[in-house]
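1. Give me a model of this one.
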Amino acid sequence: MIHKKYTLKRIGATGFDKPQIDEARFVINYREELNPAQFEAVSSIEGAYLIIAGAGTGKTRTLVYRVARLIEMGYDPKSILLLTFTRKASNEMMNRASILLDNRCSKITGGTFHSFANVTLRRHAQAAGLESSFTIMDQGDTEDVINLIRTQAGFVSKEKRFPNKQTLNKVFSLSVNTGRRVEVLIEESYPHFMEQLDKILDIQKIFVDYKRKNNLLDYDDLLVYLRKFLVELTPAAKSFLSTIKFVMVDEYQDTNHLQAEIVKALTKVNNNVMVVGDDSQSIYSFRGADFKNIIEFPKLFENVKIIKLEENYRSTQDILDFANQINKAAVEKYTKTLFTRKTGGVLPNIIAATTENFQSKFVVDKILELHEEGIALRDIAVLFRSSFHSFDLEIDLAKANIPFQKFGGMKFIETAHIKDVLAFLRIAANPKDVVSWYRVLLLHEGIGPKTAQRIMDELSTAKLTIKANPDSQPAFKNEKLHGLFNLLYDIHKSKALPSEKLQQVMEYYYPIFKTSYDDYNKRNKDLEIFQNISENYKSLDVLLADMAIEPIIDSVVDIEAPTKETEFLTLSTIHSAKGLEWHSVFVIHAVDGYFPSSRSAETTELLEEERRLMYVSVTRAKQNLFITFPMNLFDRQAGVTLSKPSRFISELNSDLAEGFLIDESSLNEL
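-> Just a heads-up that it's a prediction; the model follows:
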């Protein structure tokens with residue numbers, strides 16, 4: 001007998017070969033192009049890593065270079081998963097990596113948590129307990145379904161006030177994303193509805209059953225089903241997870257409980273994870289984000305290596321010293337000290353104005369002065385804790401003819417006419433989509449809620465269907481709907497491109513559109529934009545998913561330019577300013593009770609989040625930082641009251657900022 005000799009070859013602990021690293025063969029000189037901390041993060045490969053990236057320290061650059069380096073090392077781009085919070089961030093990183101290295105970088109698996117969930121669930125629908133033709137409901141659709149249940153099932157009575165559809169949706173969604181029970185959330189934020197708790201819980205149960213029965217998923221369901229699929233670790237899930245060798249997560253401090261569980265589940269096969277974030281910029285608890293996720297990350301994974309990025313490329317050292325001092329007093333944090341090699345700069349200014357109007361006049365005069373010095377309006381921002389803090393300032397800006405754009409909080413622009421057109425397409429993709437059926441039926445003259453419900457009952461029992469020609473259906477009697485069913489039958493069976501299907505819908509919808517909206521001429525521009533967008537798609541499912549996951553239409557009806565000027569001053573809530581930067585920044589209304597808000601005094605957690613908001617606001621400034629507060633505030637009930645400056649600035653040493661007083665005499669000098 002001949003004995004064959006075998007050579008045993010050692011492989012990496014994760015079960016796949018470790019490519020040999022030969023830095024000399026790399027296209028990019030990583031050590032030269034990155035600072036030492038960035039290089040350490042970029043050259044880290046296997047294991048669990050937490051990158052604490054302070055404001056302006058090149059977080060995106062670090063992620064982009066790591067993607068490029070893994071690909072240069074020979075790893076399959078598709079085995080790299082990069083999760084972000086916006087599609088824009090994902091596209092920007094992949095584009096930058098492609099420019100840095102080559103087109104292989106665009107082939108990585110990248111996207112938002114929701115878009116990644118959608119693609120994964122469609123591909124593994126059966127293993128996830130779904131039909132692959134599920135429809136994604138946007139926020140408006142979800143609220144409509146809740147309202148349908150709320151009103152039809154007789155939960156609302158005239159005797160007692162009952163939460164509206166928006167409140168119910170907010171509570172249900174927050175419960176799913178944070179892992180906290182509905183009863184706890186109601187008691188905490190809506191105690192006046194505690195008497196109605198049993199009814200609220202009944203609605204939630206019916207809502208869940210309704211979605212399952214009708215093949216509908218809302219935003220939260222995408223993450224719930226993805227987590228279930230990954231955690232159950234079926235053969236399909238195990239096979240899928242074996243293809244993901246590296247998990248990278250951007251803005252980890254903004255993740256909620258559900259997203260953190262998904263990140264953990266994604267590493268069940270190959271335990272390689274790198275999350276990047278800044279605990280000092282965790283400011284979205286009202287959306288369900290959990291500050292504890294980033295703080296407790298080292299407990300979730302074994303042997304977590306923490307790397308801190310502290311060299312700032314945005315601000316002057318004077319501004320960074322100011323920010324470091326605000327952060328120093330934080331109760332729970334990763335200690336870090338931002339520094340820069342930039343030279344020059346001036347101390348931040350803290351301006352006490354005798355009244356709110358003097359505060360506004362100072363800001364307007366200073367903006368005009370900066371503009372005359374050559375600083376463009378687009379390089380100046382006024383930031384505030386709450387949207388109403390800028391009302392007085394807006395009047396003064398208008399008087400001075402300073403054009404501005406205001407941003408405040410998350411806003412999905414979902415105009416009625418775009419939603420109408422989408423409803424037709426959704427039915428064609430998923431004939432069980434009762435939300436879209438209801439919307440489309442009610443567009444037709446002579447069809448009210450009762451008739452619409454009767455038609456939907458016939459659809460659910462298959463007496464009516466769009467899968468067969470209307471002429472061949474004995475139950476089909478309504479002449480008014482003959483054209484509608486013909487249209488839906490045509491586009492359901494058609495193999496045409498989404499743009500061609502949309503064109504068919506538009507021809508049918510246009511007469512309805514003209515009679516439904518008085519300002520149809522203005523709204524028509526939106527329909528043209530939507531038609532242009534549809535040209536970029538080859539699959540109707542992908543178009544509908546993109547529109548639901550992250551609507552891409554800014555409606556011309558909703559956005560009116562204040563003037564024909566091409567550049568604008570930015571007015572923004574601090575929440576909406578995160579991730580942005582300007583040459584000169586004003587932070588107004590830095591008054592205790594306003595910033596931090598009066599509600600934040602209730603708990604240490606809320607007060608600490610307000611501190612992080614202040615940190616975010618000051619680190620937006622590159623060169624000039626002005627923090628203003630009115631010393632006297634007018635209240636309808638209390639009259640004029642003396643205010644106290646925000647505790648976050650009153651805590652600071654005098655050598656970190658210059659103080660000024662603005663009253664009538666000093667305004668005349670400006």
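2. helices or strands up against the lengthiest helix in the chain?
-> If you go by DSSP state H, the chain has its longest helix at helix 498-516. Here helix 498-516 touches helix 416-429, helix 482-493, helix 520-534, helix 540-549, going by 3 or more C-beta pairs under 8 Å, 6 or more residues apart in numbering; DSSP states H and E. Using the backbone N, CA and C atoms, a C-beta is placed for each residue, glycine as well.
3. one more time with 6 Å
-> helix 482-493, helix 520-534 (3 or more C-beta pairs under 6 Å, 6 or more residues apart in numbering; DSSP states H and E).
4. so can I have TSV of the ones you listed showing mean pLDDT, mean neighbour count and distance to residue 420?
-> Formatted as TSV, the helices and strands packed on helix 498-516 follow (pLDDT from 0 to 100; neighbours: other C-beta atoms under 10 Å; distance: least, C-beta to C-beta, whole Å):
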stretch	mean pLDDT	mean neighbour count	distance to residue 420
helix 482-493	86	18	13
helix 520-534	72	16	10
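5. Tell me which of those helices lies nearest to residue 298.
-> Closest approach to residue 298 among these (C-beta to C-beta): helix 520-534, 43.3 Å.
6. which residues touch residue 610?
-> Residue 610 makes contacts with 596, 600, as judged by C-beta atoms under 6 Å, 6 or more residues apart in numbering.
7. One more pass at 8 Å, please.
-> Neighbour list for residue 610: 385, 595, 596, 597, 600, 648 [criterion: C-beta atoms under 8 Å, 6 or more residues apart in numbering].
8. Could you give me the buried positions within the helix or strand it falls within?
-> If you go by DSSP states H and E, residue 610 is part of helix 604-618. By neighbour count with 16 or more other C-beta atoms under 10 Å, helix 604-618 contains the buried residues 607, 608, 609, 610, 611, 612, 613, 614, 615, 616, 617, 618.
9. One more: stretch 504-524?
-> The neighbour-count check on stretch 504-524 (16+ other C-beta under 10 Å) flags 504, 505, 506, 508, 509, 513, 517, 523, 524 as buried.
10. Turn those into a markdown table, columns for distance to residue 118.
-> A markdown table is the format used below for the buried residues of stretch 504-524 (distance: C-beta to C-beta, whole Å):
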| residue | distance to residue 118 |
| --- | --- |
| 504 | 25 |
| 505 | 23 |
| 506 | 26 |
| 508 | 28 |
| 509 | 26 |
| 513 | 29 |
| 517 | 31 |
| 523 | 29 |
| 524 | 30 |
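11. For the stretch 51-200 of the chain, which segments count as strands?
-> According to DSSP state E, counting those that start in this stretch, the stretch 51-200 of the chain carries its strands in the segments 80-84, 109-112, 135-136.
12. picking that back up, list just the nearest of the buried residues of helix 604-618 to residue 578.
-> residue 616 (5.5 Å).
13. wait, what's in contact with the closest one?
-> Each residue near residue 616 by C-beta under 8 Å, 6+ apart is listed here: 55, 280, 281, 283, 574, 577, 578.
14. Could you measure from residue 332 over to residue 256?
-> Using C-beta to C-beta, to the nearest Å, we find residue 332 at a distance of 18 Å from residue 256.
15. next one: residue 149
-> Distance from residue 149 to residue 256, by C-beta to C-beta: 25 Å.
16. re the thing from before, which of the buried residues of stretch 504-524 sit farthest apart?
-> The largest separation in the buried residues of stretch 504-524, counting by C-beta to C-beta, is between 504 and 517 at 20.7 Å.
17. pull the longest strand from this structure.
-> Secondary structure of the chain per DSSP state E: the longest strand is strand 621-630.
18. contacting residues around that strand?
-> Strand 621-630 is contacted by residues 314-316, 319, 322, 345-346, 348-356, 358-359, 362-363, 366, 370, 581-591, 618, 643, 645-646, 649, 657 when judged by C-beta under 8 Å, 6+ apart.
19. Put the buried members of these into a PyMOL selection.
-> Command for PyMOL, covering only those of the contacts of strand 621-630 found buried under the criterion 16+ other C-beta under 10 Å:
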select buried, resi 314+315+316+319+322+345+348+349+350+351+352+353+354+355+356+358+359+362+363+366+370+581+582+584+585+586+587+588+589+590+591+618+643+645+646+649+657
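20. So which of the contacts of strand 621-630 sit within helices?
-> Using DSSP H, the contacts of strand 621-630 in helices are 319, 322, 356, 358, 359, 362, 363, 366, 370, 618, 649.
21. Now the fourth one. Nearest residue, chain neighbours left out?
-> For residue 358, the nearest residue in space outside its immediate sequence neighbours is residue 662; the separation is 5.3 Å by C-beta to C-beta, 6 or more residues apart in numbering.
22. Tell me the pLDDT of the closest residue to residue 589 other than its chain neighbours.
-> Spatial nearest neighbour of residue 589, chain neighbours left out: residue 389 (4.2 Å); criterion: C-beta to C-beta, 6+ apart. pLDDT, residue 389: 83.
23. neighbours of residue 389, just the number please.
-> Using other C-beta atoms under 10 Å, residue 389 has 21 other residues around it.
24. Quick check: it touching residue 588?
-> Yes - Residue 389 is in contact with residue 588 according to C-beta atoms under 8 Å; the separation is 6.2 Å.
25. Please identify every residue contacting each of the two.
-> Common neighbours of residue 389 and residue 588 (C-beta under 8 Å, 6+ apart) do not exist.
26. In a strand, residue 661, correct?
-> Yes - under the criterion used here (DSSP: H, G, I helix; E, B strand; the rest coil), residue 661 sits inside a strand.
27. Identify the bridge partners of the closest residue to it other than its chain neighbours.
-> Of all residues not flanking residue 661 in the chain, residue 352 sits nearest, at 5.2 Å (C-beta to C-beta, 6+ apart). Taking DSSP bridges as the rule, residue 352 bridges to residue 629, residue 661.
28. gap between residue 352 and residue 650?
-> According to C-beta to C-beta, residue 352 stands 11 Å off from residue 650.
29. now residue 78
-> Applying C-beta to C-beta, the value for residue 78 to residue 650 is 53 Å.
30. what ranges of this structure fall below the confidence cut-off?
-> Scanning the chain for pLDDT under 70 picks out 1-22, 159, 409-415, 471-480, 518-522, 525, 529, 549-566, 634-641, 664-670.
31. go again using 50 as the cut-off
-> Filtered on pLDDT under 50, the chain yields the residue ranges 9, 11-15, 409-414, 550-565, 636.
32. neighbour count winner among residue 332 and residue 256?
-> More crowded of residue 332 and residue 256, by other C-beta under 10 Å: residue 256, with 23 against 11.
33. so that one touches residue 288, yeah?
-> Yes - using C-beta under 8 Å, residue 256 is in contact with residue 288, at 4.1 Å.
34. can you count the residues close to the residue lying closest to residue 538 once chain neighbours are set aside?
-> Of all residues not flanking residue 538 in the chain, residue 497 sits nearest, at 6.5 Å (C-beta to C-beta, 6+ apart). Neighbourhood size, residue 497 [other C-beta under 10 Å]: 16.
35. One more: residue 388?
-> Neighbours of residue 388 using other C-beta under 10 Å come to 11.
36. repeat for residue 129
-> With other C-beta under 10 Å as criterion, residue 129 counts 12.
37. And it, how far from residue 312?
-> 47 Å.
38. Tell me which other helices or strands the one helix or strand residue 292 maps to touches.
-> Element membership of residue 292 [criterion: DSSP H and E] is helix 291-295. Applying 3+ C-beta pairs under 8 Å, 6+ apart, we find helix 291-295 packed against helix 257-266, helix 604-618.
39. Tell me which of those sits nearest to residue 567.
-> Of all these, helix 604-618 comes closest under C-beta to C-beta, at 22.2 Å.
40. roughly how far is that closest one from the heart of the chain?
-> In terms of C-alpha atoms, centre = their mean, to the nearest Å, the centre of helix 604-618 is set 19 Å apart from its chain centre.
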